[in-house]
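[1] Predicted coordinates and the sequence they were generated for:
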Amino acid sequence: MSEPNPYADGEYKWGPGQGAGTPGYGYPQDATPGPGPYQAPAYQPTLPGGVALPPQYATGGAPSFAIGDISVVGDQILTPAGPMPLRGAVWNAMDLSRTEEKISTVGIVLACLFVAACGLGLLFLLMKEQTTTGFVQITVNSGGKHHSTMIPAVRPDTIHWAMAQISYARSLSI
């Protein structure tokens, strides 16, 4: 296997090239092994060995909970509007969703099919389906800042879940 592609014929060449060319950026590095077991890196180091890195500060830990894009971490509330103090925060939730109930299409079709066979086919008209649309709006005020987020309502009990989260947030804000 001395050739990179022994099946290449004339102008029809495919497969790997004849060897590694010069890199497209940076200074060309010598890929030959250095003396002993240590080899020079095939990349350019970004920092020289003697430069000290600045200290990395802790981010405050994992969030206690999150509602949409509002997160509570430690003693502060993190929002896209900026951090707010948790102590004394005012939380509010507003239900902007609606739930509609209608007879399902399958129930109508089955009722039409079985009403001729027996009168019990009309019981299929009792099949209902619920669809919930809208949002639950969560707002928080603290430290002179205000932030609002919208949570999509997927079920009728989405507001109850949001109010449970808000109650927990209010207990932390005292």
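    Nice, thanks for sending it over.

[2] neighbours around the residue nearest to residue 148 when sequence neighbours are not counted, how many?
    Nearest-residue entry for residue 148: residue 139, 4.4 Å, with adjacent residues in sequence omitted and distances by C-beta to C-beta, 6 or more residues apart in numbering. In this view, the C-beta of every residue, glycine as well, is placed from N, C-alpha and C. Look at residue 139: counted by other C-beta atoms under 10 Å, it has 15 neighbours.

[3] Kindly report the same for residue 131.
    Close neighbours of residue 131, defined as other C-beta under 10 Å, add up to 10.

[4] residues in contact with it?
    Counting by C-beta atoms under 8 Å, 6 or more residues apart in numbering, residue 131 touches 99, 100, 102.

[5] so what's the second one bridging to?
    By that I understand residue 100. Legend: beta-bridge partners of residue 100 under DSSP bridges are residue 131.

[6] Quick check: of the contacts of residue 131, which lies closest to residue 154?
    The shortest approach to residue 154 among the contacts of residue 131 belongs to residue 99, at 10.8 Å (C-beta to C-beta).

[7] residues contacting that closest one?
    When contacts are counted by C-beta under 8 Å, 6+ apart, residue 99 touches 130, 131, 132, 156.

[8] In contact with the third one, which residues?
    Right, residue 132. Neighbouring residues of residue 132 by C-beta under 8 Å, 6+ apart: 97, 98, 99, 100, 153, 154, 155, 156, 158.

[9] mind listing the helices for the chain?
    Using DSSP state H, the helices of the chain run over 105-114, 158-173.

[10] Flag the shaky bits of this structure, pLDDT-wise.
    1-62 (pLDDT under 70).

[11] Strands of that one, residue ranges please.
    Counting by DSSP state E, the chain has strands at residues 65-67, 70-73, 76-79, 82-85, 90-103, 128-142, 145-152.

[12] Which positions in the first one come out as buried?
    This points to strand 65-67. residue 67 (16 or more other C-beta atoms under 10 Å).

[13] got a list of contacts for that strand?
    By C-beta under 8 Å, 6+ apart, strand 65-67 touches 71, 72, 138, 149, 151, 162, 165, 166, 168, 169.

[14] Contacts only, for the closest residue to the last one other than its chain neighbours.
    So the one you mean is residue 169. Closest residue to residue 169 apart from its sequence neighbours, by C-beta to C-beta, 6+ apart: residue 91 at 4.9 Å. Residue 91 sits next to 138, 139, 140, 166, 169, 170, 173 when contact means C-beta under 8 Å, 6+ apart.

[15] Pull out the buried members of the residues you listed.
    138, 140, 166, 169, 173.

[16] now, which of these sits nearest residue 63?
    Closest to residue 63, out of all of these and judged by C-beta to C-beta, is residue 169, at 11.6 Å.
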